[in-house]
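Visitor: I'll drop the sequence and a predicted model, then ask my questions.
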Amino acid sequence: MYNFLYYFFIFMIYSIAGWIMETVICSITQRKIVNRGFLIGPYCPIYGWGSLIITFTLSDYYNDPFVLFGMSTIICSILEFFTSWIMEKFFNARWWDYSHDRFNIEGRICLKNSLLFGLGGFLIIVLFNPIINKVLTYIPSSIIMISSSILFILYIIDNICSFVVIRKMRLIVTKVRSDISDEIGRRVKEIIFNQSIFSRRLLIAYPDIKIPNIKIKRLKRKKKKPHNLM
């Protein structure tokens, strides 16, 4: 149990660090404060998962920087590609799109980001993990367990709440059908934007989200014509 909570603590550290990095970059790009992240809380789990996978699989390559960088690039690219694919299939929306970047694959990953993730994986093994492990040795195990337990409970609650919000968004999208009108796609985004403060935050955090060109189906039944008795 302690090992689980310990690694969850590491997972949260990198998830929060990823959220800070993306929030800063997106806030600078959009010239306004943007609460980046798929969940409500201040963390991006994809960075936590990526960091844990790299830690478990590449720690033995500490002294082999070229292999470490190359494998980190591949692992993070695969993780980002399938995360994009799964989220699109589940939520009927493309949350990020690199189609306008050179050397991209289906707009889900691109060479520039993959190389940056590779660099990040390299730094995790040779720099960040040693620092984090050293700092954690000074923290009593009881404090780590209590902190991890609290964070874990909050994380589960956050996932449930976020799932409810996203499910509402998904229901809106599943009530529509394909159409060639970009104007109608914009109207659907407006409907999602006005659902709640949390759905509004998601659209602000992911301004490039792509919902298929869609239009709302007419849910009202057609009025039945009166029978001709004559």
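Guide: Sure thing, it's come through. Numbers count the residues shown, from 1 in each chain.

Visitor: the helices in this structure, which residues?
Guide: According to DSSP state H, the chain carries its helices in the segments 2-30, 45-58, 65-91, 111-123, 129-136, 141-174, 182-193, 197-205.

Visitor: which of the ones you listed is buried the deepest?
Guide: Of all the helices of the chain, helix 45-58 has the most neighbours on average by mean count of other Cβ atoms under 10 Å, namely a mean of 20. No exception for glycine: its C-beta is placed from N, CA and C like everyone else's.

Visitor: Can you list the helices and strands that that one packs against?
Guide: Under the contact criterion of 3 or more Cβ pairs under 8 Å, 6 or more residues apart in numbering; DSSP states H and E, helix 45-58 touches helix 2-30, helix 65-91, helix 111-123.

Visitor: Need the pLDDT of Phe82.
Guide: Phe82 is assigned 93 on the pLDDT scale.

Visitor: before we move on, the earlier item: how about the helices and strands packed on helix 45-58 in CSV, adding distance to Gly37?
Guide: Below are those laid out as CSV (distance: least, Cβ to Cβ, whole Å):
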stretch, distance to Gly37
helix 2-30, 5
helix 65-91, 13
helix 111-123, 17
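
Visitor: Select, out of the ones you listed, the one closest to Tyr98.
Guide: Ranking the helices and strands packed on helix 45-58 by their distance to Tyr98 (criterion: Cβ to Cβ) puts helix 111-123 first, at 6.9 Å.

Visitor: Mind listing residues that contact the closest one?
Guide: Outside helix 111-123, the residues within contact range by Cβ atoms under 8 Å, 6 or more residues apart in numbering are 50-51, 54, 58, 65, 68-77, 80, 98, 101-104.

Visitor: Kindly report the same for stretch 126-137.
Guide: Under Cβ under 8 Å, 6+ apart, the answer for stretch 126-137 is Tyr6, Phe9, Ile10, Ile13, Tyr14, Thr55, Ser59, Tyr62, Pro65, Leu68, Ile144.
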